[in-house]
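In: From the sequence below, what's the structure:
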Amino acid sequence: PGPLLGQGHTATVWRAYDRKLRREVAIKVFRRSDPVAIDDILAEARAASDFVSEYVVRVHDVHESRTPYIVMELVGEHDPRTGVLVPAFSAASCRPRDLREALRWVRDAARGVDDAHLRNVFHRDLTPRNLLITPLSRRTKIADFGLAIRTGGQATSHEEAALDATSRAHRIAGTLSYMAPEQARSLVMSVAPSSARDRAMLVGVDVWGLGAIAFDLITGHPPWPRDASAWEAAARGDVPALAAHTKGKRVPRRVCAVVQRALAADPAQRYASARLLADEIDALLACRPTSFDASLWRRILLWMQRNPKLLLATTLAVALAVSAFIAYAATVQLRRERDRWPDANEVCRGQS
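Out: This next block holds a predicted model:
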């Protein structure tokens with residue numbers, strides 16, 4: 001393997017070259033090789049390879065050796081000046097330049113999550129660290145499906161274990177600072193994605209994760225504190241108000257409303273799917289009405305923002321029409337006054 005790209009608690013990611021296919025790849029090398037860890041590794045590889053999405057890092061291969069590893073797509077872009085492939089960075093270290101870019105990252109992540117949900121794959125650990133940002137176009141891809149729950153087709157031994165009382169699905173999983181309240185309260189420890197109710201719960205967990213990423217990208221810190229009190233705060237469900245944590249940044253109320261809905265303490269109050277959240281963010285970026293913009297006046301203002309050139313042309317046309325009318329009225333008035341002048345002269349001559 002080549003240079004180290006990143007590392008976590010259970011694995012390191014290296015840059016490598018695939019000699020057979022002559023392409024650069026990323027290799028995720030795991031530190032453990034016990035049977036449970038290998039099951040987890042296989043589950044991650046299966047989950048990430050079970051669907052294709054332009055917003056998700058693709059898995060090419062997996063090896064169950066003494067040191068198990070997963071071969072993945074190397075996310076990056078070629079520098080146009082040097083031709084060198086520059087690897088992507090995680091959103092935890094590559095921060096957005098402005099609010100619009102932060103919203104674009106979350107929208108693209110939501111599209112990738114929705115693609116996964118369509119194949120009954122649920123991430124359960126969405127954080128900025130798991131979002132890879134390309135260095136030039138600054139587009140988003142989701143990585144690390146290590147805590148994913150997957151169903152569909154013929155169940156594997158791991159998938160059966162994931163629904164069993166002793167499996168890892170029954171452990172409280174996720175990153176504390178970005179954990180949904182129901183995760184912290186252990187309400188998603190034993191779920192079956194084949195059940196409509198449990199599937200809705202898993203969708204809600206990932207929608208919360210997307211909202212937590214948006215909160216972090218906008219405010220600079222996660223929804224829950226980064227210390228031991230995170231668990232307590234998350235379990236209580238005291239969802240922080242986005243507007244109160246923006247540190248003087250001007251965040252439109254429409255953006256706050258969308259993020260707060262994704263972070264609703266009650267899963268039933270969140271967006272019913274990641275696609276709906278992506279559509280809402282699309283509406284924010286395009287100055288179109290969201291589900292919160294019901295008033296006619298707000299819709300008129302948004303139309304004006306969407307069509308500045310048309311608004312300018314209409315304003316100029318109205319101004320010209322008003323000016324022409326005023327000029328016409330003034331001309332008519334002058335003509336009437338001129339027509340009165342001969343009568344006034346005749347009256348003056350008669351008096352003399």
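
In: most centrally placed residue in the chain?
Out: Nearest to the mean C-alpha position of the chain, by Cα atoms, centre = their mean, lies Val106 at 1.4 Å.

In: got a pLDDT number for it?
Out: Listed pLDDT for Val106 reads 97.

In: again with Glu77
Out: pLDDT, read off for Glu77, is 91.

In: cool, the one 5 residues further on as well?
Out: For Thr82, the model assigns a pLDDT of 87.

In: tell me the phi and psi of the residue nearest to the centre of the chain?
Out: Backbone geometry at Val106, expressed as degrees, to the nearest 10, gives phi -70, psi -40.

In: all strands of the stretch 1-150 of the chain, in order?
Out: Applying DSSP state E, counting those that start in this stretch to the stretch 1-150 of the chain gives strands spanning 4-7, 11-18, 23-30, 59-63, 69-73, 76-78, 85-87, 89-90, 121-122, 131-133, 140-142, 149-150.

In: Now render these as TSV, adding mean neighbour count and distance to Thr290.
Out: (Each C-beta comes from the backbone N, C-alpha and C, glycine too.) Shown next, in TSV, are those (neighbours: other Cβ atoms under 10 Å; distance: least, Cβ to Cβ, whole Å):
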stretch	mean neighbour count	distance to Thr290
strand 4-7	16	35
strand 11-18	18	37
strand 23-30	19	37
strand 59-63	16	35
strand 69-73	21	33
strand 76-78	16	32
strand 85-87	15	35
strand 89-90	18	29
strand 121-122	26	25
strand 131-133	25	23
strand 140-142	23	21
strand 149-150	26	30
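
In: in the sheet, who's paired with Asp18?
Out: In this entry, Asp18 is beta-bridged to Arg23, by DSSP bridges.

In: Hmm, it is touching Val71, no?
Out: Yes - contact criterion Cβ atoms under 8 Å: Asp18 and Val71 qualify, at 7.4 Å.

In: quick one: common contacting residues for these two?
Out: Common neighbours of Asp18 and Val71, using Cβ atoms under 8 Å, 6 or more residues apart in numbering, are 25, 60.

In: residues in contact with the residue nearest to the centre of the chain?
Out: Val106 touches 210, 213-214, 217, 277, 281, counting by Cβ under 8 Å, 6+ apart.

In: Apply 6 Å and report the result again.
Out: Neighbouring residues of Val106 by Cβ atoms under 6 Å, 6 or more residues apart in numbering: 210, 213-214.

In: Around Gly2, how many other residues sit close by?
Out: 13 (other Cβ atoms under 10 Å).

In: Any figure for the gap between it and Ser90?
Out: Distance, Gly2 to Ser90, by Cβ to Cβ, to the nearest Å: 18 Å.

In: Equivalent analysis for Asp125, please.
Out: According to Cβ to Cβ, Asp125 stands 13 Å off from Ser90.

In: what about Ala243, how many neighbours?
Out: Neighbourhood size, Ala243 [other Cβ under 10 Å]: 16.

In: need the longest helix for the protein.
Out: helix 308-351 (DSSP state H).

In: Check the offset of it from the chain's centre.
Out: Using Cα atoms, centre = their mean, to the nearest Å, the mean C-alpha position of helix 308-351 is found 58 Å from that of the whole chain.

In: what packs against it?
Out: Taking 3 or more Cβ pairs under 6 Å, 6 or more residues apart in numbering; DSSP states H and E as the contact definition, helix 308-351 has no neighbouring helices or strands.

In: looking only at pLDDT, what's the mean for that helix?
Out: 76.

In: Equivalent analysis for stretch 246-266, please.
Out: The pLDDT scores in stretch 246-266 average 89.

In: Pull up the distance across it, start to finish.
Out: Counting by Cα to Cα, to the nearest Å, you get 23 Å between the two ends of stretch 246-266.

In: So which bits of it are buried?
Out: 246, 251, 254-264 (16 or more other Cβ atoms under 10 Å).

In: Looking at those, spot the one nearest Leu312.
Out: Arg254 (23.5 Å; Cβ to Cβ).

In: phi, psi of the closest one?
Out: Dihedral angles for Arg254 - degrees, to the nearest 10 - are phi -60, psi -40.

In: Relative to Glu64, how far out is it?
Out: Per Cβ to Cβ, Arg254 is found 49 Å from Glu64.

In: Over to Ser49?
Out: Distance, Ser49 to Glu64, by Cβ to Cβ: 15 Å.

In: more neighbours, the two?
Out: Ser49 (18 against 11).
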